[in-house]
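Novice: Give me the fold of what follows.
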Amino acid sequence: MKIAFCTCVQIGKSCIEAILSNSGRFDLLLTLHDHKSQKKSGRIYLDDIARVNNIPLYKLNHINDIDVASILLEYEIDWLFIIGWSQIASEDLIKIPRKGVIGAHPSLLPIGRGRAAVPWAILKGLNKTGVTFFKMDEGVDTGDILDQFEILINSDQTATTLYEMVNHAHVELIKQIWPKLIDDSIVGVKQDETKATYWEGRTPADGELFKTMSILEVDKLVRATTRPYPGAFVKLDEKNKLIIWCGSTQPIQKSKSISFCDGIYYAFDFEIISIQ
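Specialist: Predicted structure coming up:
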């Protein structure tokens, strides 16, 4: 079974490392050209890991370019992982690997198709979420489920801790499905469309806190949008805003108190920046 992996972020590299450390092997690695997305948050490079493990590395501009199709055909790839990749693979690209293309989504599909799954899980007050590996099709997060890893969410979960748990879940999942890929025994399960939900994308502006909000709403938004996301914020005036990375509904020493409709929120990790 010939398997390739395409990524440009740490979560993907961690998956690669997990398989290599367990005596697995990839037949081809793909990533962006060095000059692409240099300022992208979490951007990583695969040169060292490819060289040390003697794995061919191909650098590309876009996943749907004809040269990518050619290299997959040249190496006779059976399965292609695409993880931590913002470019959407075309239907033509998905058809090239003999067995298919495997994608990952940080929710328990079919719940939470779409964007910003980590913040939404907190904002929606879910008590669990997870990561799903699925066989890509022409839809968005609609393909057959290959495996899932469940993550419990506690009442004070932050995006920072949940993001770390999601990363760990990716690593555990690829280790779980790898033997089934190798011996060609993996079986996909159709998603239940009656349970499907879609979560919209979010922008930094969605982190704005308003005086009409309750302190519980404020606390939830702060926890959902903290690092590695842009953060919840209050506009101080036309030129400056206060970004709150962490806070509490209870008084804390050396914190900044901010009044909302039903009480005071106490920010203890914050910064004031200019509004761009």
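Novice: What is the neighbour count of the closest residue to residue 87 other than its chain neighbours?
Specialist: Of all residues not flanking residue 87 in the chain, residue 63 sits nearest, at 4.7 Å (CB to CB, 6 or more residues apart in numbering). To be clear about C-beta, it is placed using only N, CA and C from the backbone, and glycine gets the same treatment. Number of residues near residue 63 (other CB atoms under 10 Å) recorded here: 20.
Novice: now swap in residue 253 and tell me
Specialist: So residue 253, with other CB under 10 Å, has 6 neighbours.
Novice: let's have the chain start at 486 instead
Specialist: Will do, 486 is the new start, and the previous item becomes residue 738.
Novice: Can you give me the pLDDT of it?
Specialist: Confidence at residue 738, expressed as pLDDT, is 89.
Novice: how about the helices of the stretch 486-635 of the chain, start to end?
Specialist: Along the stretch 486-635 of the chain, the segments classed as helices by DSSP state H, counting those that start in this stretch run 495-506, 532-537, 551-559, 576-579, 602-608.
Novice: Out of those helices, which is the most enclosed?
Specialist: helix 602-608 (a mean of 23; mean count of other CB atoms under 10 Å).
Novice: ok, back up a step: run through the residues that contact the residue nearest to residue 572.
Specialist: Each residue near residue 548 by CB atoms under 8 Å, 6 or more residues apart in numbering is listed here: 491, 515, 567, 570, 572-575, 578.
Novice: taking those one by one, which sit in strands?
Specialist: 491, 515, 567 (DSSP state E).
Novice: Is the closest residue in space to the second one that isn't next to it in sequence bridged to anything, and to what?
Specialist: The one in question is residue 515. Distance criterion CB to CB, 6+ apart; nearest residue to residue 515, sequence neighbours excluded, is residue 491 at 4.0 Å. Following DSSP bridges, residue 491 is listed with bridge partners residue 515, residue 567.
Novice: Model confidence for residue 491, exactly?
Specialist: 98.
Novice: Just want to check the distance between it and residue 744.
Specialist: 49 Å (CB to CB, to the nearest Å).
Novice: Comparing these two, which shows the higher neighbour count?
Specialist: Ranked by neighbour count (other CB under 10 Å), residue 491 and residue 744 place residue 491 first, with 25 against 10.
Novice: what about that one, distance to residue 522?
Specialist: 14 Å.
Novice: Narrow the contacts of residue 548 to just the buried residues.
Specialist: Buried subset of the contacts of residue 548 (neighbour count, 16 or more other CB atoms under 10 Å): 491, 515, 567, 570, 572, 574, 578.
Novice: Report the secondary structure state of residue 648.
Specialist: helix (DSSP: H, G, I helix; E, B strand; the rest coil).
Novice: Verify the contact between it and residue 713 for me.
Specialist: Yes. Residue 648 lies in contact with residue 713 (CB atoms under 8 Å); the separation is 6.0 Å.
Novice: more crowded one of these two?
Specialist: residue 648 (18 against 12).
Novice: Need the nearest residue in space to that one, chain neighbours excluded.
Specialist: Per CB to CB, 6+ apart, closest to residue 648 is residue 603, 5.5 Å.
Novice: Now do the contacts for the one you found.
Specialist: 591, 614, 644, 647-648, 651, 709, 714.
Novice: redo that, cut-off 6 Å
Specialist: By CB atoms under 6 Å, 6 or more residues apart in numbering, residue 603 lies in contact with 591, 644, 647-648.
Novice: now residue 546
Specialist: residue 518.
Novice: Look at it and report its pLDDT.
Specialist: Predicted confidence (pLDDT) for residue 546: 96.
Novice: What values do phi and psi take at it?
Specialist: The phi/psi pair for residue 546 (degrees, to the nearest 10) reads phi -90, psi -40.
Novice: Can you give me the distance of residue 672 to residue 666?
Specialist: From residue 672 to residue 666 the distance is 11 Å (CB to CB).
Novice: between these two, which one's more packed in?
Specialist: residue 666 (20 against 8).
Novice: if you skip the residues just before and after it, what's nearest to the more buried one?
Specialist: Nearest non-adjacent residue to residue 666, counting by CB to CB, 6+ apart: residue 564, 5.7 Å away.
Novice: Burial check on the one you found, number of neighbours?
Specialist: With other CB under 10 Å as criterion, residue 564 counts 22.
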